[in-house]
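**Student:** quick one, fold the following:
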Amino acid sequence: MINRRDFIGLSLKSIVLIGAGSALQSFAPGSFVLPPRRKVKLRFALASDGHYGQPQTTFAENHSAMVQLLNKEAAGRGLDFTVVNGDVFHNDPALIHPAKAAWDQLSTKYYVSHGNHDMIEESEWEKVFGTRWHHDFTVGNNAFVVLNTADIKGKYVCPDLDWTRDHLAKHNNAKNLFVIQHITPVKWTEHGIDCPELVDMFSKQQNLRAIFHGHDHAEDGMKEKNGKHYFFDGHLGGSWGVPYFGYRIVEVLQNGDVLCYQVNPKATDPVNSTTVKR
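**Tutor:** Numbering: from 1, shown residues only. Next comes the predicted model:
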């Protein structure tokens with residue numbers, strides 16, 4: 001696991017590079033070249049698993065460093081919003097307030113999903129974040145469906161299928177549809193859960209471009225099933241997982257392609273990148 005000093009130092013180094021706002025950001029020429037900014041219609045970030053308040057972790061420093069990185073993304077190449085994809089805090093319901101205060105330092109709007117360590121009543125969650133565990137939103141002609149994958153005690157559950165079916169249909173005419181849920185619905189990871197009916201819905205949804213997950217701290221790549229792309233973003237906190245605290249960037253391009261790439265702040269290249277073709 002990367003230690004506090006290394007993460008803070010490497011994060012600050014990356015902030016300088018990202019803040020420059022160049023077409024390449026912090027990625028080296030000849031390895032990964034971003035499309036011209038004028039060709040990007042929508043740009044957002046996803047980060048997950050901050051586990052604010054987890055004992056024996058540098059959770060406050062982790063959140064501060066991540067917020068700085070994302071704010072530099074916003075000031076440079078730009079961000080329309082950020083998604084915090086679950087495990088916002090660590091078990092104790094009282095931690096939801098300082099966790100929200102940390103994310104409120106973002107310069108852009110942000111949305112949250114409910115994770116298995118977010119052990120709080122849904123009514124209290126709604127009071128703090130303004131949304132139910134299942135909710136949706138739109139940005140232009142792009143629709144986002146946020147699904148819940150855990151109960152109040154942290155038990156993994158499949159999302160509400162009726163609600164999901166109705167809201168996938170509601171956004172059937174959106175140009176692009178994205179699903180956000182903390183836990184993957186396919187048991188292809190150690191911490192996944194099988195939700196075959198949900199996967200079947202996703203497979204049939206023609207405008208569904210990508211599904212985004214947190215939860216599996218050791219997963220930071222992409223898995224494909226029935227032509228749909230399921231992305232993971234590692235973690236920004238907690239005590240285990242990939243050896244860096246990172247985030248994922250998504251760019252919806254003018255030509256209809258969707259570019260997704262995983263950022264390790266201490267590296268000069270993205271961890272991986274996938275272009276979901278129109």
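**Student:** next SSE downstream of the helix or strand hosting Glu61?
**Tutor:** Element membership of Glu61 [criterion: DSSP states H and E] is helix 59-75. With elements assigned by DSSP H and E, the helix or strand that comes after helix 59-75 is strand 81-85.
**Student:** give me the residues contacting the helix or strand just after that next one.
**Tutor:** Sequence-wise, the next helix or strand downstream of strand 81-85 (DSSP H and E) is helix 96-103. Helix 96-103 is contacted from outside by 50, 52-53, 60, 63-64, 67, 84, 88-89, 110, 112, 118, 120, 124-125, 128-129, using C-beta atoms under 8 Å, 6 or more residues apart in numbering. The C-beta positions use only the backbone N, C-alpha and C, and glycine is treated the same way.
**Student:** which stretches in this structure count as strands?
**Tutor:** Secondary structure of the chain (DSSP state E): strands at 40-47, 81-85, 110-113, 135-139, 142-147, 176-181, 208-213, 222-225, 228-232, 247-253, 258-263, 272-276.
**Student:** what's the second one in contact with?
**Tutor:** The one in question is strand 81-85. For strand 81-85, the external contacting residues (C-beta under 8 Å, 6+ apart) are 44-50, 70, 103, 106, 108-113, 115, 139, 144, 180-182, 212-214, 233.
**Student:** list buried residues within those residues.
**Tutor:** If you count burial by 16 or more other C-beta atoms under 10 Å, the buried members of these come out as 44-50, 70, 103, 106, 108, 110-113, 115, 139, 144, 180-182, 212-214, 233.
**Student:** and the pLDDT for Arg278?
**Tutor:** On the pLDDT scale, Arg278 is placed at 89.
**Student:** what's the closest non-adjacent residue to it?
**Tutor:** Gly256 (3.0 Å; C-beta to C-beta, 6 or more residues apart in numbering).
**Student:** what's the burial count for Glu124?
**Tutor:** The tally of other residues near Glu124 (other C-beta atoms under 10 Å) stands at 12.
**Student:** and the residue nearest to it when sequence neighbours are not counted, what is it in contact with?
**Tutor:** Distance criterion C-beta to C-beta, 6+ apart; nearest residue to Glu124, sequence neighbours excluded, is Pro93 at 6.7 Å. By C-beta under 8 Å, 6+ apart, the contact list for Pro93 reads 119-121, 124.
**Student:** go on, Tyr110?
**Tutor:** 81-84, 103.
**Student:** export the residues you listed as CSV, with columns for pLDDT.
**Tutor:** Formatted as CSV, these follow (pLDDT from 0 to 100):
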residue, pLDDT
Phe81, 98
Thr82, 98
Val83, 98
Val84, 98
Trp103, 98
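**Student:** most neighbours among the residues you listed, please name it.
**Tutor:** When neighbours are taken as other C-beta under 10 Å, the top entry among those is Val84 (28 neighbours).
**Student:** how near is that one to Lys266?
**Tutor:** 21 Å (C-beta to C-beta, to the nearest Å).
**Student:** same deal with Asp136?
**Tutor:** Counting by C-beta to C-beta, the gap from Asp136 to Lys266 is 35 Å.
**Student:** over to Ser64?
**Tutor:** If you go by C-beta to C-beta, the gap between Ser64 and Lys266 works out to 16 Å.
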